[in-house]
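Asker: Prediction below, plus the sequence it came from.
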Amino acid sequence: MRWSLLAVGAACLMACGSTQTAGDGGAGTAGGSGATSTGGSSGGGGTSGAPASNDVDPDWPPESPIPPEFDFPPWLNMPEPNRIVVSWRTPSATTGTVSFGASPEMGRTATTTTAAELHHVDLGVLEPSTAYWYSVRIDGTSATRPGVFVTPGRRDWRFLHVGEFHAANQIEHVAKFGGSIRAFRPHLLIDSGDMADDGDVLEDWRAYFRTSAPWISNVIILPSGSNHVDGPGGNGNLKDLFVLPNNERWYSTRYGQAQVLNLDSTWSFFVNPDLQVEQPAWVTERTTEAHDGEDDPTFLIGAWHYPACSSQTLRRAGDRTAVFANLVESFRAGGGLDMMLVGHDKYYERSETTDGILHVQTNIGLLAPSDEIGNNHPECVEIKTIIDTRSILLATVSGNRISMRVVDETGSEIDQFSLEK
C-alpha cells in the first residue's frame, strides 16, 4: 500500500413493529410485524422478478423547509449489505409510509401500523449497486420528505468524513458546510463522534438532525460513539436512533471496495471494560477476514473518536497510547489497515504512522485546539496541521484509489491528497 500527496422520545424499532409483504415483485424481507409493502419489481424487499439495478448517480432533491409534522427529517441506516432502514421522528405518535423504488416513480411502499414518535422502516435487502428514490409521508397529513441513496457495489462512489459536530452548541458553524456537502453529493457519511454536546439530551440530537437536513436524507450514515455520546454499554440515544450492525458500539460496514470499522475509543474502562478485551479481539478477527484472500476489500478504514496521532494536545498523550495499544495494534495483528478517521482534538491534521497508515482528523463543528503543543505519539509523523479553521473530508473512491479534499466553512480547499493501493 502507498499513499501520496497530490501537488495540486420513545424508540420504535424495525418499522415500529411492522412487517413487509410484497406485491408482484416478490416476497419482502423487512423485519417486524404489521405493515405492508406493495408494488412491482422496482426494487427492494424481494429477489424475484426483473432486477432493478441501474447505474444512475441521482441528483439530490432540492432543499426545502422541514414540515412541522417531522421532528427529525429522515435518515438512512444500513445494518447489513444492501439492507436499508429509513428512520425519522415525529413530535407525537404517528404512523407513516415510505414509498421507494429504483426510479423516480418509485412504485413500492412500506407502511407502519403502530403509532410511535421514533420510526425505523426496513426496506429489506435491495439490489446492489443501484440508485433508489424514496419519500416518507406522515399518515393522515400531506407532509412528505424525499431522499435518494445508492446501494454498495459500484467501483466509483463518494464519502464524507466529519467529526466534532457538537450539536446544539456548534450548529451555526456546521450549517455553513451545507453547500459544499450538497455539491459533493456523498453516498456515505462516516462520523467520528461527538455528534451531540450531550448524547443523553434529546434536544441536542434534535439540533443535530435538523441542522443536517440539507444532506442527512441522502447519505447512508455510519456514526461512532465518543466521550460526549457515551454510557454503560454505549449511549442509549445513539443506539435507539440508529439501526447498526453487531452490538451498535463497534461494527463493520462493507461499501464497494472499502470496509469501514466504526469503533469505540473512549476508554471508559470502569463503565465499559469490554473495550479493553472484546473490542480489540473483534477488530483483529475482522481485519484477519479482510486479508484472507476471499473477497478482500481494497481499502480497510478505521473510524473512531480519539486520535492516534495529534501534535497539538500535550495532555492527551495517554489517550494516544491507549488508541495504539487497543486499536492500532489490533489491526496490525490481523494484517493492518489503510486509514484512520478521527475527531476529538478540534482542529485539522493529517499524519501518517511510521509504517504508512494514513491518519486524518477533522472538525466540522467545534474549533478549540489546545495551546499545549507536543507529546505526539512516537510512531506519528505530522504532515499538515491547520488550527484556525473547521474542516470536512470529501473523498472520491475510484477503483484502487481514494482522492481526498479537505474544505473549510467557506468551501475553500485546505488540503488535498490520495490513498492508492
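Answerer: Arrived safely. Numbering: from 1, shown residues only.
Asker: When you work out contacts or count neighbours from here on, use the C-alpha atoms and nothing else.
Answerer: OK.
Asker: Mind listing the strands the one helix or strand I402 maps to pairs with, and their directions?
Answerer: Here I402 sits within strand 401-407, counting by DSSP states H and E. According to DSSP bridges, strand 401-407 has the following sheet partners: strand 392-398 (antiparallel), strand 413-420 (antiparallel).
Asker: Which residues does stretch 375-389 contact?
Answerer: With contacts defined as CA atoms under 8 Å, 6 or more residues apart in numbering, stretch 375-389 is touched by 308-315, 317, 320-321, 347-354, 367, 369, 408-409.
Asker: Of those residues, grab the buried ones for PyMOL.
Answerer: Typed into PyMOL, the line below selects the buried ones among the contacts of stretch 375-389, using 16 or more other CA atoms under 10 Å:
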select buried, resi 308+309+310+311+312+313+314+317+320+321+347+348+349+350+351+352+353+367+369+408+409
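Asker: Keep only those of the contacts of stretch 375-389 that are in helices.
Answerer: Judged by DSSP state H, the contacts of stretch 375-389 include A317, R320, T321 as members of helices.
Asker: on that earlier part again, CA atoms only for the strand holding I402, dumped as CSV, please.
Answerer: Written as CSV, here are the backbone C-alpha positions of strand 401-407 (Å, rounded to 0.1, in the frame of the first residue of the first chain):
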residue,chain,number,x,y,z
ARG,A,401,-7.6,5.0,-5.5
ILE,A,402,-9.2,7.4,-3.0
SER,A,403,-8.8,11.0,-3.9
MET,A,404,-9.4,13.3,-1.0
ARG,A,405,-10.1,17.0,-0.5
VAL,A,406,-10.4,18.9,2.8
VAL,A,407,-12.5,22.1,2.8
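Asker: And for that strand, what's in contact with it?
Answerer: Outside strand 401-407, the residues touching it (CA under 8 Å, 6+ apart) are 391-397, 413-421.
Asker: ok, which pair from the residues you listed is furthest apart?
Answerer: The largest distance within these, taken as CA to CA, falls between S391 and K421 and amounts to 25.6 Å.
Asker: neighbour-wise, which of these two wins?
Answerer: Between S391 and K421, counting by other CA atoms under 10 Å, S391 is the more crowded of the two (34 against 12).
Asker: so what's the more buried one up against?
Answerer: By CA under 8 Å, 6+ apart, the contact set of S391 is V162, Y347, Y348, T362, N363, I364, V406, V407, D408, E409.
Asker: Same check on T410?
Answerer: For T410, the residues meeting the contact criterion (CA under 8 Å, 6+ apart) are K176, F177.
Asker: distance of it from R390?
Answerer: Going from T410 to R390 by CA to CA, to the nearest Å gives 10 Å.
Asker: Name the spans of the stretch 151-300 of the chain whose pLDDT lies under the cut-off.
Answerer: Applying pLDDT under 70 to the stretch 151-300 of the chain flags the ranges 269-270.
Asker: now with 80?
Answerer: Counting by pLDDT under 80, the ranges of the stretch 151-300 of the chain that qualify are 267-271.
Asker: can you map out the helices along it?
Answerer: Using DSSP state H, counting those that start in this stretch, the helices assigned to the stretch 151-300 of the chain run over residues 171-174, 178-184, 202-211, 236-241, 274-290.
Asker: and the ones you listed as CSV, adding mean neighbour count and distance to R155?
Answerer: CSV is the format used below for the helices of the stretch 151-300 of the chain (neighbours: other CA atoms under 10 Å; distance: least, CA to CA, whole Å):
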stretch, mean neighbour count, distance to R155
helix 171-174, 18, 30
helix 178-184, 16, 17
helix 202-211, 20, 30
helix 236-241, 18, 30
helix 274-290, 18, 18
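Asker: Nothing else from me, thank you.
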